[in-house]
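Undergrad: need a structure here:
(one chain, ligands or ions: 1)
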Amino acid sequence: MISVERLTKRYGEVDAVRDVTFRCEPGTVTGFLGPNGAGKSTTMRMICGLTPPTAGSATVKGVPYRRIANPGRHVGVLLDAAAQHAGRTGRETLALTARILGVEQDRVKRSLDTVGLSPKAAGRRVGGYSLGMRQRLGIAQALIGDPSVLILDEPANGLDPEGIFWMRGLLRDFADRGGTVLLSSHLLREVEAVADRFVVIANGRVAAEGTKDDLLSGPAGTLVRALDPGALAAALAAAGLGARPAEGGALVVDGTPEAVGRAAAAAGAVLLELRQAGGGGLEELFLSLTAPPAPAAPPAANGSAAAAPVPARIATEKEDVR
Ligand SMILES: Nc1ncnc2c1ncn2[C@@H]1O[C@H](COP(=O)(O)OP(=O)(O)OP(=O)(O)O)[C@@H](O)[C@H]1O
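TA: Below is the predicted model of the structure:
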């Protein structure tokens, strides 16, 4: 079990993570999703005791990570596959990890077999590995202590399609045997096939959380796209219809297609698309939750309420200050 309670991390003026709360249960894979810079890595680093939170707390198996004795026997962590010693061979890397964790050396060969690194590859220096090979080695390192929890940050980066398929099978099997998996990605499709639950983070905050069915059962609204997004935004605001941005400059509006069509017609806004939202499934929902805000409406000639921008539920991504 991983438990995250109101985790917050501030870097100067930047709120990298704000009030993030979620749980990962044994026997499940939790997909931790969000666009670049959303706060996934910072959250995972706080769970693993590498970054001190500004506020809030996180526990793994009921204990803060830093207080777990010999944590590699309980929690397998892969946060950055590129951060391995380039001068050691893959086999040496695992042999050293096995010694540090106090597990038998025969686990080295088993782990190499599990992740599909051949004896020849294992004998090469890590500096010559591709990113995909480093990911496999990192996963072997995470698994060698036979943990019951896995925390993996973008583990599919650099893996080819066969490698991604293999990794999904490995994680599914790990969870089906009672393990707990937290898996981050900025690509929904990468995790959709393996995750039981999703935590979607945008701009440092949890934007949505739940199973696929939970996420898709919410009010869908109407998807609309106009030739002039600003004119549409003004028309919706004038009609008192709330909206949030979706993919390709579209909006998802809290209202029926008829109400949206009437509002657009009244303002003379030309529509390119008008339909019930939600048919796009999880991907459409993910994109709408993590999209930048809708364009602001142009000021109305008479200075009426039509000048107000459509309220967007999701704020824009922060500026990267690194
Ligand atoms: N050490 C740091 N100092 C200052 N700002 C930081 C630091 N680490 C992260 N940030 C900022 O915090 C925000 C969240 O970054 P984070 O790396 O957690 O996002 P992410 O969701 O993992 O993104 P990606 O998918 O690109 O890895 C970003 O705005 C980032 O610039």
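
Undergrad: in the stretch 101-250 of the chain, what residue is nearest the ligand?
TA: residue 186 (4.4 Å; Cβ to the nearest ligand atom). For the C-beta atoms, the positions are set from N, CA and C on the backbone; glycine is no exception.

Undergrad: endpoint to endpoint, stretch 235-242 covers what distance?
TA: 11 Å (Cα to Cα, to the nearest Å).

Undergrad: as a check, name the ranges of all helices in the stretch 1-150 of the chain.
TA: For the stretch 1-150 of the chain, the helices defined by DSSP state H, counting those that start in this stretch cover 40-47, 90-101, 106-115, 119-122, 131-143.

Undergrad: could you dump those into JSON lines with mean neighbour count and distance to the ligand added?
TA: Formatted as JSON lines, these follow (neighbours: other Cβ atoms under 10 Å; distance: least, Cβ to the nearest ligand atom, whole Å):
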{"stretch": "helix 40-47", "mean neighbour count": "24", "distance to the ligand": "3"}
{"stretch": "helix 90-101", "mean neighbour count": "18", "distance to the ligand": "23"}
{"stretch": "helix 106-115", "mean neighbour count": "18", "distance to the ligand": "23"}
{"stretch": "helix 119-122", "mean neighbour count": "15", "distance to the ligand": "27"}
{"stretch": "helix 131-143", "mean neighbour count": "23", "distance to the ligand": "14"}
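
Undergrad: so which of these gets nearest residue 288?
TA: Between residue 288 and the helices of the stretch 1-150 of the chain, the shortest gap by Cβ to Cβ is with helix 40-47, which sits at 18.6 Å.

Undergrad: ok, residues contacting that closest one?
TA: 2, 4, 7, 9, 16-17, 20, 32-34, 51-53, 56, 58, 60, 65, 79, 151, 153, 182, 184, 186, 201 (Cβ atoms under 8 Å, 6 or more residues apart in numbering).

Undergrad: alpha carbons of it, as CSV, please.
TA: These are the backbone C-alpha positions of helix 40-47, laid out as CSV (Å, rounded to 0.1, in the frame of the first residue of the first chain):
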residue,chain,number,x,y,z
LYS,A,40,4.6,13.3,-11.3
SER,A,41,8.4,13.0,-10.6
THR,A,42,8.3,15.4,-7.7
THR,A,43,5.5,13.4,-6.1
MET,A,44,7.4,10.1,-6.6
ARG,A,45,10.6,11.6,-5.2
MET,A,46,8.7,12.7,-2.1
ILE,A,47,7.2,9.2,-1.7
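
Undergrad: poorly predicted segments of the stretch 101-250 of the chain, please.
TA: 217-220 (pLDDT under 70).

Undergrad: interface residues of it facing the ligand?
TA: Residues of the stretch 101-250 of the chain lying near the ligand by Cβ under 6 Å from any ligand atom: residue 186.

Undergrad: tell me where the stretch 101-250 of the chain has strands.
TA: 149-153, 180-185, 197-202, 205-211, 222-226, 243-245 (DSSP state E, counting those that start in this stretch).
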